[in-house]
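Asks: need the 3D shape of this:
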Amino acid sequence: DVPQGQTEMAREGDHHTMQLRGRSRGTSCTLQRSIEQSSGAFKVALDAVALRRMPAEILVHIFGFLEPADLLMCSSVSTKLHAAAMEDTIWIKNCEALWCTKRYVPKRFKEQKMHARGARISYYGALADSRRCRITTEELCDFEWSFRFKRAAGRMWTAEDPFWKGEAARTLKFRPEGFIHWNGSFNDMEWRFVDPQKDEDQGHAGAQDNSETQSGTAIKTCHRLMGSFPSEVVLRHSSWGFILNSPWVVYTSFPMFREDIDREVSDSGLRSSVASWQWAEAEDYNQLQAGSDDEED
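Replies: Model prediction:
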């Protein structure tokens, strides 16, 4: 039996709809294939006698036109169909068709797909990984990140933000040593991993320092003069890129331009993804800054 989870992921990965028309000729038997599409599912009828006599290479060629969800259904019919549906060349093509539009596919999946029987595992592994909202130090420091303020940060910050002027968003690199490299220069800022803490009565009550680990579900940035800012939580974009989201700012692991910004990284699209504990951190930050201003006065 085909696991339900794999079937659902296969349907999710079906971005290029293919239909096989006509009949396979050159053999003494006839293969009749009827395709009926309903809510993304296909029903495939194959003649059992024809299948027993059909050369394996013809089956593989035909199955190359099917989508992953169809292949999974066919693979559960018989041993012969299973072998054809699991052919590496088919799944290598499926990986390439799915990944060509994605901004990030971990290197391990690209390498694994070239190993024997590794392409199908890589296909489903990459699909599952695209939902991972924990980022490693290596990943965080490998990307050139785009940064912008949200309107919630206030006019003082958005007025000087290149993004809001219609220019390309600022770029930066996170360094493994814990520093942040802004547009070619260091700017007195550091970063560390934090993880949200679950409170039984209040939901997410805050973020716990996780700086000793090599991955995290959120990061905390700190300026030497302005202190620690509200935590940025790791999200994933439909293109499989990473997003770091806070009440006031957003970072993306891919270029960000105001004129073609999509809803997923717009202020309105990200609003519901900001947790209550992040807003509490923002309020605490404002109160702390207000207290500092009073002391200076």
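Asks: so what's the residue lying closest to Arg103 once chain neighbours are set aside up against?
Replies: Sequence neighbours aside, Gly241 is the residue nearest to Arg103 in space, at 4.0 Å (criterion: CB to CB, 6 or more residues apart in numbering). (Each C-beta comes from the backbone N, C-alpha and C, glycine too.) If you count contacts by CB atoms under 8 Å, 6 or more residues apart in numbering, Gly241 has them with 103-104, 252-254.
Asks: quick one: Tyr285 from Leu51, how far?
Replies: To Leu51, Tyr285 is 67 Å away according to CB to CB, to the nearest Å.
Asks: re the thing from before, out of the contacts of Gly241, which are buried?
Replies: Among those, those buried by neighbour count (16 or more other CB atoms under 10 Å) are 104, 252-254.
Asks: am I right that Asp195 is in a strand?
Replies: Yes. Checked against DSSP: H, G, I helix; E, B strand; the rest coil, Asp195 lies within a strand.
Asks: and the pLDDT at it?
Replies: According to the prediction, Asp195 has pLDDT 85.
Asks: beta partners of it?
Replies: Gln208 (DSSP bridges).
Asks: looks like it contacts Ala218 (just checking).
Replies: Yes. At 6.5 Å, Asp195 counts as touching Ala218 under the criterion of CB atoms under 8 Å.
Asks: ok, the two, which is more surrounded?
Replies: Ala218 (24 against 17; other CB atoms under 10 Å).
Asks: contacts only, for that one.
Replies: 193-196, 207, 231-234 are the contacts of Ala218 under CB under 8 Å, 6+ apart.
Asks: now it: phi and psi?
Replies: Here is the backbone geometry of Ala218 (degrees, to the nearest 10): phi -160, psi 160.
Asks: check what pLDDT it gets.
Replies: At Ala218, the model reports a pLDDT of 96.
Asks: swap in Val234?
Replies: Per the predicted model, pLDDT is 97 at Val234.
Asks: quick check: the gap between it and Gly125.
Replies: From Val234 to Gly125 the distance is 19 Å (CB to CB).
Asks: ok, now Ser146?
Replies: To Gly125, Ser146 is 27 Å away according to CB to CB.
Asks: now swap in Arg103 and tell me
Replies: 17 Å.
Asks: can you give me the helices in the stretch 51-200 of the chain?
Replies: Ranges of helices in the stretch 51-200 of the chain, per DSSP state H, counting those that start in this stretch, are 56-63, 68-75, 79-85, 88-99, 107-112, 119-129, 137-142, 155-158.
Asks: mean neighbour count for those - can I get that in CSV?
Replies: Below are those laid out as CSV (neighbours: other CB atoms under 10 Å):
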stretch, mean neighbour count
helix 56-63, 16
helix 68-75, 21
helix 79-85, 16
helix 88-99, 18
helix 107-112, 14
helix 119-129, 20
helix 137-142, 16
helix 155-158, 13
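Asks: so where's the stretch 1-150 of the chain shaky on pLDDT?
Replies: Residue ranges of the stretch 1-150 of the chain with pLDDT under 70: 1-49, 52.
Asks: and the helix or strand hosting Asn286, C-alpha only, in PDB?
Replies: Per DSSP states H and E: Asn286 is located in helix 276-296. Extracted C-alpha coordinates of helix 276-296, given in PDB (Å, rounded to 0.1, in the frame of the first residue of the first chain):
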ATOM      1  CA  SER A 276       1.600  37.600  20.500                       C
ATOM      2  CA  TRP A 277       4.900  37.000  22.400                       C
ATOM      3  CA  GLN A 278       6.700  38.900  19.600                       C
ATOM      4  CA  TRP A 279       4.400  41.900  20.000                       C
ATOM      5  CA  ALA A 280       5.100  41.700  23.800                       C
ATOM      6  CA  GLU A 281       8.800  41.800  23.100                       C
ATOM      7  CA  ALA A 282       8.200  44.900  20.900                       C
ATOM      8  CA  GLU A 283       6.200  46.600  23.700                       C
ATOM      9  CA  ASP A 284       9.000  45.800  26.200                       C
ATOM     10  CA  TYR A 285      11.600  47.200  23.800                       C
ATOM     11  CA  ASN A 286       9.600  50.500  23.400                       C
ATOM     12  CA  GLN A 287       9.200  50.800  27.100                       C
ATOM     13  CA  LEU A 288      12.900  50.200  27.700                       C
ATOM     14  CA  GLN A 289      13.800  52.800  25.100                       C
ATOM     15  CA  ALA A 290      11.300  55.300  26.600                       C
ATOM     16  CA  GLY A 291      12.900  54.800  30.000                       C
ATOM     17  CA  SER A 292      16.400  55.400  28.600                       C
ATOM     18  CA  ASP A 293      15.200  58.600  27.000                       C
ATOM     19  CA  ASP A 294      13.800  59.800  30.300                       C
ATOM     20  CA  GLU A 295      17.000  59.100  32.100                       C
ATOM     21  CA  GLU A 296      19.000  61.100  29.400                       C
END
